[in-house]
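Visitor: Based on what follows, work out the 3D shape:
(one chain, ligands or ions: 1)
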Amino acid sequence: MRAVITGSAGFIGSHLAERLVAEGWWVTGVDSFSPFYATADKEANLAGLVGERRFDLVRADVATTPLHKLLADRPLIVHLAAQPGVLGSFGTGFNQYLQDNLLATQRLFEAAASAGCPRVVYASSSSVYGDAEAYPCFEDYTPTRPRSPYGVTKQACEKLAEVYAGMGLPTVGMRFFTVYGPRQRPDMAIRRLCEAATGGPHFTLRGDGSQIRDFTHVHDAVDAVVKALTADHIDPVLNIGGGEEASMLEVIRLLGQMTGRAVPVERQATQIGDVRRTAGDTGKARRGLGWRPRVALRDGLRTELDWVRERREADVTADISLIAGRAS
Ligand code: NAD
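Guide: Residues are numbered from 1 along each chain as shown. Presented below is the predicted three-dimensional model:
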């Protein structure tokens, strides 16, 4: 089996690439190493795949690079490349979202349709729901009313998928709900909390901490994507949520218990575009893919906390050897 993964150097993409390669797939990763966060972090995400003969990496921008050669042998496609984050999508930052989310997705669908690719699994987001009137959110019933320009781009990607599905391209949109775990993006709350809990900068809590998220461990998110690539029947969009809701204050308390000391927190006003709650019904993914989330929040937090701690210790060791090198 062969797959092309866009955004393969990112958080979710690198885990997915590792999982597919471990299962015997041939994988081509495409990533522009966009400056949203450090290139070194993205290179580190791919460290486990260096020298792996079943994996090759194309450094390219999906919004501009010719795609027909990459897709000539009609691979399965997972399209994860995007400019993520809610806050940055307001103001002039929106330009980048137009490029990386809308233009890149339209070009990918266009090229996949003309190559005759059998399926495109692409990243949508729980942010398409905005503040819902009732929870959990259902794919078929809950209106999509994004509260940020980022959410609007994800909603528009779903609309683009409908257009190309109508032209014969099978597509499935994964509405991911707050994915966390090792390699999580540095802008995301759990990553920043784990940094604060292990001696890094204080965590900036935006709002009163009562905002609730349906946290999804990256292994569960990846498992859903793998199943969506190969399932006989696919729905056009699926909620992919961990099913264990928690408020930010609850997560802060839990991490404090796990580390044995309160996480240092600074408070700021509510962030623009932030929704009160996310929670998705995952019945469709469970029935259609034979998938269910397996990682409990406490266990999942432990995996990210350990990863953050290991990184910090590796940095300290590197600093010490640098100083020792200078002294000698
Ligand atoms: P990430 O930023 O870690 O990964 C995205 C990758 O895409 C990056 O490596 C980046 O360099 C690459 N990229 C961006 N624009 C590109 C372009 N034009 N061409 C080629 N590569 C490009 O983000 P992530 O958290 O792994 O998210 C993956 C996808 O899942 C995104 O589409 C995101 O919107 C979506 N999503 C993520 C979450 C979450 O909680 N992490 C939740 C909902 C949706």
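
Visitor: who in the chain is up against the ligand?
Guide: Within the chain, the positions lying close to the ligand (Cβ under 6 Å from any ligand atom) are 6-7, 9-13, 30-34, 36, 42, 61-63, 80-84, 100, 104, 123, 125, 176, 178-179, 185. The way it works is simple: take the backbone N, C-alpha and C, and place the C-beta from them, glycine included.

Visitor: Which ones among these lie within helices?
Guide: Counting by DSSP state H, the residues of the chain next to the ligand place 11-13, 42, 104 in helices.

Visitor: Name the nearest of those residues relative to Q268.
Guide: The shortest separation between Q268 and any of those is 24.0 Å, and it belongs to F11 (by Cβ to Cβ).

Visitor: and that closest one, how far is that from G181?
Guide: As for F11, its distance to G181 is 8 Å (criterion: Cβ to Cβ, to the nearest Å).

Visitor: can you check L108 too?
Guide: Counting by Cβ to Cβ, the separation of L108 from G181 is 25 Å.

Visitor: swap in V172?
Guide: With distances taken as Cβ to Cβ, V172 is found 22 Å from G181.

Visitor: From the contact counts, what lies against the helix or strand harbouring I252?
Guide: Taking DSSP states H and E as the criterion, I252 maps to helix 248-259. Other helices and strands packing on helix 248-259, by 3 or more Cβ pairs under 8 Å, 6 or more residues apart in numbering; DSSP states H and E, are helix 189-197, strand 203-206, helix 297-327.

Visitor: Listing request: residues of this structure with sub-threshold pLDDT.
Guide: Per-residue confidence for the chain (pLDDT under 70) gives these ranges: 316-328.

Visitor: residue of it with the smallest distance to the ligand?
Guide: Among the residues of the chain, G10 lies nearest to the ligand; the distance is 1.9 Å by Cβ to the nearest ligand atom.

Visitor: quick one: that residue and D31 touch, right?
Guide: Yes. Counting by Cβ atoms under 8 Å, a contact exists between G10 and D31, whose distance comes to 7.0 Å.

Visitor: More neighbours: these two, which one.
Guide: The neighbour comparison of G10 against D31 (other Cβ atoms under 10 Å) goes to G10, with 29 against 26.

Visitor: what separates the more buried one from P66, distance-wise?
Guide: Per Cβ to Cβ, G10 is found 22 Å from P66.

Visitor: Equivalent analysis for F177, please.
Guide: Summarising the geometry, the distance separating F177 from P66, computed by Cβ to Cβ, is 34 Å.

Visitor: State whether L238 is indeed within a strand.
Guide: Yes. Secondary structure assignment (DSSP: H, G, I helix; E, B strand; the rest coil) places L238 inside a strand.

Visitor: thinking again about what came up before, report the angle between the helix holding I252 and helix 189-197.
Guide: Following axes from the mean of the first three to the mean of the last three Cα atoms, to 10 degrees, one obtains 40 degrees for the angle between helix 248-259 and helix 189-197.

Visitor: what's the offset of helix 248-259 from the middle of its chain?
Guide: Taking the mean C-alpha point of helix 248-259 and that of its whole chain, the gap between them comes to 22 Å (Cα atoms, centre = their mean, to the nearest Å).

Visitor: What helices and strands are in contact with the following helix or strand past that helix?
Guide: Helices and strands here follow DSSP H and E; after helix 248-259, the next one along the chain is strand 265-268. If contacts are counted by 3+ Cβ pairs under 8 Å, 6+ apart, strand 265-268 sits against strand 203-206.
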